[in-house]
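In: coordinates only, no sequence provided:
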């Protein structure tokens, strides 16, 4: 039997993979529309073969292919990525909210590994890491050209092991090394308490597998028969998002009817519309949703659903503005592709991509005199529109949206501690007082 050259095999594999992916478009004429497709594939195959045969050192073909795939996916947008089998397992662990690490949300911003938000009650939070901090090195190794998933793998590790980050922060004269001891990060997606006996407060830190179930339990415990809530605050500040399915379920907890979110992509299958179901047990009291610059993705879906359905008043600062949907596509070798496949739209058909949700009542966070290191206080807040290569906003009919729309002016309040939460509580109190007066 004649041996088929590696070059021909690689070309066949690449072409087959391309047929599979492009087949998702259900477009029989896709290759006819792109006359350069085969030419580009041939060039890639030739370059790969030259590198294998002529590079100064022997190369690992698998490593080369993964590098090529990473480069291709990174050219798309900040949220798409290729994951090796090990990195894919890391992602699965993350959605369960239990892993060994330091507790930070990270992103590549302007080609630099950047902290988006430290997670509360974690080594990173307790060490004073802040949103916007640049991570220049991890254990002495430069992070230039690192991918998000590679960084995640380096930052995570067994409990009680150490990792040193070289941090550069605005106004720092020189980078600073910070050594952290890893811990088991158990992200409690739901925290709750009663404020002044009759106002409920629920903080959603992230949208994980059990967030909606935990939310229902919290509501049941707080809304007692002999002391029902007269108002409820849902705190989505610095919530980076998470699972789309959980954002839909959380929204449904508070809605009897109406659209929650719709999605639209190039593939027909990505055109979806999720609607609320009446379970006859929804909370009826007035609601305030707190948001800020760190409120992103799934958290923005909830805020948008409650705002457009007139179920809650949105209070705080303009949100992050990530309105794209990433689909995890497992591959045969155990790796996976995290690919941006759609934009999502609020019930009223709004695209908030690179714009964010504008609160009904804008209340910028004011750092109290006692809180000089609050993670909610930041001059140059990061948003989706600041990310290099971000998906451009557009309406459901495909027309473009002005990214600069919705900019807000800064204001200040002389309140102590958490002025945004204080404002929310005062609104709910006034709500009940006005209700009595009007009756």
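Out: Noted; the coordinates are in hand. Keep in mind that what you see is a predicted model, and the values were worked out from it rather than measured. Residues are numbered from 1 along each chain as shown.

In: tell me which residues of stretch 350-360 come out buried.
Out: 350, 351, 352, 353, 354, 355, 356, 357, 358, 359 (16 or more other CB atoms under 10 Å). C-beta here means a position set from N, CA and C on the backbone, and glycine is covered the same way.

In: what about it, distance to the chain center?
Out: Its chain's C-alpha centre lies 15 Å from the corresponding centre of stretch 350-360 when counted by CA atoms, centre = their mean, to the nearest Å.

In: so what touches it?
Out: 291, 295, 300, 303-304, 307-308, 313-324, 343, 345-346, 383-385, 390-396, 401, 403, 405-406, 408 (CB atoms under 8 Å, 6 or more residues apart in numbering).

In: same deal with stretch 187-196?
Out: Contacts for stretch 187-196 (CB under 8 Å, 6+ apart): 97-98, 119, 200-208, 210-211, 214-215, 218, 221-222, 229, 233, 242, 425.

In: just the buried residues of those.
Out: 97, 119, 200-208, 211, 214-215, 218, 222, 229, 233, 242, 425.

In: tell me the average confidence for stretch 177-192?
Out: For stretch 177-192, mean pLDDT is 92.

In: and that stretch, how far apart are its ends?
Out: Start and end residues of stretch 177-192 are separated by 35 Å (CA to CA, to the nearest Å).

In: do stretch 117-136 as well
Out: OK, stretch 117-136 end separation, CA to CA: 16 Å.

In: C-terminal to the lengthiest strand in the chain, what's the next element?
Out: Across the chain, the longest stretch assigned as strand under DSSP state E is strand 336-345. Toward the C-terminus, strand 336-345 is succeeded by strand 361-362 as the next helix or strand (DSSP states H and E).

In: and residue 67, how many residues sit next to it?
Out: 13 (other CB atoms under 10 Å).

In: same check on residue 56?
Out: 5.

In: could you list the buried residues of the biggest helix by length in the chain?
Out: For the chain, the longest helix by residue count, based on DSSP state H, is helix 419-438. Neighbour counts over helix 419-438 (16+ other CB under 10 Å) mark 419, 420, 421, 423, 424, 425, 427, 428, 431 as buried.

In: chain center to it: distance?
Out: Taking CA atoms, centre = their mean, one finds the center of helix 419-438 at 31 Å from the center of the full chain.

In: contacts only, for residue 264.
Out: Residue 264 neighbours (CB under 8 Å, 6+ apart): 270, 271, 342, 343, 344, 345, 396.

In: nearest residue to it in space, please, no chain neighbours.
Out: Nearest residue to residue 264 in three dimensions, chain neighbours excluded: residue 271, at 5.4 Å (CB to CB, 6 or more residues apart in numbering).

In: what sits against the one you found?
Out: Residue 271 touches 262, 263, 264, 265, 342, counting by CB under 8 Å, 6+ apart.

In: re earlier: packing partners of the longest helix of the chain?
Out: strand 199-204, strand 231-235, strand 287-291, strand 313-316 (3 or more CB pairs under 8 Å, 6 or more residues apart in numbering; DSSP states H and E).

In: which one of those strands is the most hemmed in?
Out: Of all those, strand 287-291 has the most neighbours on average by mean count of other CB atoms under 10 Å, namely a mean of 27.

In: residues contacting that one, please?
Out: Contacts of strand 287-291 (CB under 8 Å, 6+ apart): 231-237, 254, 299-300, 302-303, 306-307, 311-317, 319, 357, 359, 420-421, 424, 427-428.

In: what average pLDDT does it get?
Out: pLDDT averaged over strand 287-291 gives 97.

In: could you list the residues in contact with stretch 204-212?
Out: Counting by CB under 8 Å, 6+ apart, 95-97, 119-120, 187-191, 215, 234-236, 238-243, 246-247, 249-250, 252-253, 298-299, 302 sit against stretch 204-212.

In: just the buried subset of those residues, please.
Out: The neighbour count (16+ other CB under 10 Å) marks 97, 119-120, 187, 189-190, 215, 234-236, 238-243, 246-247, 249-250, 252-253, 298-299, 302 as buried among the contacts of stretch 204-212.
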